[in-house]
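Kindly return the folded structure for what I paste below:
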Amino acid sequence: MTALHTLSNPVAATISPDALRATARRRGQLKGRQPDDAAREQVRALIGPGPHRRDRLIELLHLLNDAHRGLHEAHLVALAAELRLSMAEVFEVASFYHHFQILGDGDRAPDITVRVCDGLSCAMAGAQALLDKLPAILGREVRVIPAPCVGRCEQAPVAVVGQAPVLRADTATVQSACAEGTVQHPAARVDAVFDPAASAPCAITRSLEDVSPATVGYPAYRARGGYALAAAVVNGEEDTEAVLKAMKDSGLRGLGGAGFPAGRKWRIVRDQPAPRLMAVNIDEGEPGTFKDRTYLERDAHRFLEGLLIAAQVVGIASVYVYLRDEYHGARAILQQALAELVADPPCPLPAIELRRGAGAYICGEESAMIESIEGKRGEPRLRPPYIAQVGLFGRPTLEHNFETLYWVRDIVQRGPAWFSGFGRHGRKGLRSFSVSGRVREPGVKLVPAGITLRELVNEYCGGMAEGHTLYGYLPGGASGGILPARMADVPLDFDTLQPHGSFIGSAAVVVLGQHDRARDAALNAMRFFEHESCGQCTPCRVGTGKAATLMEADVWDAGTLDDLATVMIDASICGLGQAAPNPMRSVMKYFAHEVEGAK
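This is a model prediction of the structure:
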């Protein structure tokens, strides 16, 4: 510092050289609260010495949350320092996801957290009674909270003790699970799956107990010819253009809800500049949906082979598999399958990372999922650009859901005519329906595309449950609207339901009986959307809450609700806000007698 500068700056003139050096050192630190040594050591013991990639922030938060049953502020400060991030960045991510519990330094974490699913199927099976009774039974040391659909609708009502589901739960079974501290993960329930040795869908089991073992292991899968096709594609023995043509000619469309033609998507991304990435969406959060979990628990390697084929044909450098946090048991199965594959690879493999969701329905939207994989809040991106051009880490990205990749091997091996040869009522292909509600035999049903609700219930579900007659149904989960019994003969497929104000989406069918009310189902869906809105855009954030409040009235204000629906559909950024009004509008159109005053 020059004498002239010192004299012209009276404040600087009063600071000693040692203080100036200390100030310079502090400039290398993050602003705000600094981590204490004990917290930093605890964090390092869990996450390792580093350096740590920014995009792994959510994975690291999970390590802390699992170990300490919550996220203490001192640990968040230490984690921010380890990642060289501001505390604000870490806190905004941690506070966005439902499965992270942020605790003050003096707060005590609950001994156990019990989540009771209050999705529609569980609500119909008595979830509210569980929520009302469990706090008094379990005591103050156990946190009991409602949770959105956990993806086990065929086994409703479901409570999740820690990370283990209690199926067809009652107060006694939940209390027992809490006392024991551990719950065995159930085997997959597979009511109708495709048998690779057959040429048509077939029913395999009718109960949980019939499935043993549930998972096809690596040796058994390889013994049946598994990964031979993937190896042929990777090693250049199978023409990639022929694979692309088979995918296109099969008519396979994305089975996560959007229904974009799979073969066309592959070609679009392949034509983009390298490096190209793949993001696999197993954040199966649409209420009423559980097909991906069922297939994953049954045959994870069939999915992985489809993933390898897609990666080779499209020219993928790295693959990121995003699995919802509710599927704790399925994650263990997938981790094991990946370990087996890496230990004894049938061909060169791309880099594959398994990422863990943290309880956010919005991350089922492809761009929100990509934001989450990057370690951020799961907020949808504005489009264009589309993720096929600018996606994960700014690179062209192929996005698929689990089931779409699950069928790749069979389509390529058997030929596109095999897949497109199924169908009813002029439709083509196979559809996996997650069926729950008032039917005798709920579960995953693999059936011809274009089947009607009446055919689905009578031929594959054993008919309606005892004491119930068909009143209505949701053909596509909470997003897909509600149709009355008189429309039970409409083909269920892409493009067939839109004229009726509905859509098939993820093919989650929830069946209502004469003792149920469509208005209750619509209100359940709207409260779900209010809870799960990411809050980024006002029409969705405010509209869902306002609609839910208005829908509680005995007589609905149809004009105001219709105005709200129009604004939400026209101005919301993503499909959550755009689809949220569908059940509400369905009630006003098809079940008006439930919400109108006496005339």
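
and residue 141, what is it in contact with?
110-112 (C-beta atoms under 8 Å, 6 or more residues apart in numbering). Just so you know, the C-beta spots here come from the backbone N, C-alpha and C atoms, and that holds for glycine as well.

Please apply the same query to residue 111.
69, 141-142.

phi, psi of it?
phi -60, psi -40 (degrees, to the nearest 10).

returning to that earlier point: I'd like the contacts of residue 141 as TSV, with pLDDT and distance to residue 172 appended.
TSV is the format used below for the contacts of residue 141 (pLDDT from 0 to 100; distance: C-beta to C-beta, whole Å):
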residue	pLDDT	distance to residue 172
110	93	21
111	91	19
112	94	16
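
would you list these in TSV and tack on distance to residue 579?
Converted to TSV, the contacts of residue 141 look like this (distance: C-beta to C-beta, whole Å):
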residue	distance to residue 579
110	34
111	38
112	35
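
before we move on, the earlier item: adding secondary structure, pLDDT and distance to residue 224, write the contacts of residue 111 out as JSON lines.
Converted to JSON lines, those look like this (DSSP: H, G, I helix; E, B strand; the rest coil; pLDDT from 0 to 100; distance: C-beta to C-beta, whole Å):
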{"residue": "69", "secondary structure": "coil", "pLDDT": "94", "distance to residue 224": "42"}
{"residue": "141", "secondary structure": "coil", "pLDDT": "91", "distance to residue 224": "49"}
{"residue": "142", "secondary structure": "strand", "pLDDT": "95", "distance to residue 224": "45"}
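
Pick out whichever of these sits closest to residue 351.
residue 69 (32.4 Å; C-beta to C-beta).

Please tell me how far stretch 321-328 is from the chain's geometric centre.
In terms of C-alpha atoms, centre = their mean, to the nearest Å, the centre of stretch 321-328 is found 7 Å from the chain centre.

So for it, what gets flagged as buried?
321-328 (16 or more other C-beta atoms under 10 Å).

Not counting its own residues, what contacts it?
62, 99, 150-151, 160, 163-164, 185, 279-285, 293, 296, 307, 330-331, 334, 352-359, 363, 369, 372-373.

all strands of the stretch 201-350 of the chain, in order?
202-203, 276-282, 316-323 (DSSP state E, counting those that start in this stretch).

Any idea which of these gets closest to residue 76?
Among those, strand 316-323 sits nearest to residue 76 (C-beta to C-beta), with 23.1 Å.

Going along the chain, name the helices of the stretch 151-300 of the chain.
All helices of the stretch 151-300 of the chain, identified by DSSP state H, counting those that start in this stretch, fall at 171-180, 218-223, 228-234, 240-250, 262-270, 291-298, 300-314.

Render the CA-only coordinates of the last one in PDB, please.
Once side chains and other backbone atoms are set aside, the C-alpha atoms of helix 300-314 remain, and they are given as PDB (Å, rounded to 0.1, in the frame of the first residue of the first chain):
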ATOM      1  CA  ALA A 300     -34.100 -55.600 -14.100                       C
ATOM      2  CA  HIS A 301     -31.700 -57.100 -16.600                       C
ATOM      3  CA  ARG A 302     -34.200 -57.000 -19.500                       C
ATOM      4  CA  PHE A 303     -34.400 -53.200 -18.900                       C
ATOM      5  CA  LEU A 304     -30.600 -52.900 -18.700                       C
ATOM      6  CA  GLU A 305     -30.200 -54.700 -22.000                       C
ATOM      7  CA  GLY A 306     -32.700 -52.300 -23.600                       C
ATOM      8  CA  LEU A 307     -30.700 -49.500 -22.100                       C
ATOM      9  CA  LEU A 308     -27.400 -50.800 -23.600                       C
ATOM     10  CA  ILE A 309     -29.000 -51.200 -27.100                       C
ATOM     11  CA  ALA A 310     -30.400 -47.700 -27.100                       C
ATOM     12  CA  ALA A 311     -27.000 -46.300 -25.800                       C
ATOM     13  CA  GLN A 312     -25.100 -48.000 -28.700                       C
ATOM     14  CA  VAL A 313     -27.500 -47.100 -31.400                       C
ATOM     15  CA  VAL A 314     -27.800 -43.500 -30.400                       C
END
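
just checking, residue 478 touches residue 287?
Yes - Residue 478 is within contact range of residue 287, at 4.3 Å (criterion: C-beta atoms under 8 Å).

Tell me the residues that contact both of the two, please.
Joint contacts of residue 478 and residue 287 (C-beta under 8 Å, 6+ apart) are 119-120, 525, 528.

Among the helices of the stretch 151-300 of the chain, which comes closest to residue 385?
Across the helices of the stretch 151-300 of the chain, closest to residue 385 is helix 262-270 (C-beta to C-beta), at 12.5 Å.

quick one: contacts for residue 363?
283, 285, 322, 324, 357, 369, 372, 378.

For the closest residue to it other than its chain neighbours, which three-state class applies?
In this structure, residue 363 finds its nearest non-sequential neighbour in residue 378, 4.1 Å apart by C-beta to C-beta, 6 or more residues apart in numbering. Secondary structure for residue 378, judged by DSSP: H, G, I helix; E, B strand; the rest coil, is coil.
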